[in-house]
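*Asks:* Fold the following.
(one chain, ligands or ions: 1)
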Amino acid sequence: MITLTSKNKMTALLCGISFLNLSLFALAGEMKDANDTTTKQDRIEIKDFAFNPQTITVKSGAKVTWINRDEEPHTIVSVEKQFKKSTALDTDQEFTITAGTPGTYNYFCSVHPKMTGIIIIEK
Ligand SMILES: [Cu+2]
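*Replies:* Predicted coordinates:
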């Protein structure tokens, strides 16, 4: 049985702290990795009542993600109902679809129908 002297307690505490730091580093590393994978995704930012980029070309099977950077809610609705429409996206909320059959997909925001965008899906 080991009795903790105050020096030992300090060492134990320091070990605890460095362990915590290590896990924080590990966590930060994982978060960075996660960000790296998201940058590989095709992202469309919704800002100032517009889709940016307005036209995007992606490969079939790729994920397309919209993120709302406005304070207003926006939706993503396929003109010809080629994909499931989104719910109203709040600020910083995302919506992702997987690009399917190659073709041209027009979409708009049902809250502000003047907001339109195009996804071109290639093979
Ligand atoms: Cu909108």
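*Asks:* how about the strands in the protein?
*Replies:* Ranges of strands in the chain, per DSSP state E, are 42-47, 50-52, 55-59, 63-68, 77-78, 94-98, 103-108, 116-122.
*Asks:* can these go into a markdown table with extra columns for distance to the ion?
*Replies:* (Glycine included, C-beta is placed from N, CA and C.) Formatted as a markdown table, the strands of the chain follow (distance: least, C-beta to the ion, whole Å):
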| stretch | distance to the ion |
| --- | --- |
| strand 42-47 | 7 |
| strand 50-52 | 9 |
| strand 55-59 | 17 |
| strand 63-68 | 8 |
| strand 77-78 | 10 |
| strand 94-98 | 12 |
| strand 103-108 | 8 |
| strand 116-122 | 10 |
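*Asks:* Ala88: which of those is closest?
*Replies:* Nearest to Ala88, of all the strands of the chain, is strand 63-68, at 9.1 Å by C-beta to C-beta.
*Asks:* May I have that closest one exported as PDB, CA atoms only?
*Replies:* C-alpha atoms of strand 63-68 as PDB (Å, rounded to 0.1, in the frame of the first residue of the first chain):
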ATOM      1  CA  LYS A  63     -22.100  14.400 -50.700                       C
ATOM      2  CA  VAL A  64     -23.400  17.900 -51.100                       C
ATOM      3  CA  THR A  65     -23.800  19.900 -48.000                       C
ATOM      4  CA  TRP A  66     -25.500  23.300 -47.600                       C
ATOM      5  CA  ILE A  67     -24.800  25.400 -44.500                       C
ATOM      6  CA  ASN A  68     -26.900  28.400 -43.600                       C
END
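*Asks:* Within the sheet, what are the partner strands of that strand, with directions?
*Replies:* Partners of strand 63-68 in the sheet, by DSSP bridges, are strand 42-47 (parallel), strand 94-98 (antiparallel).
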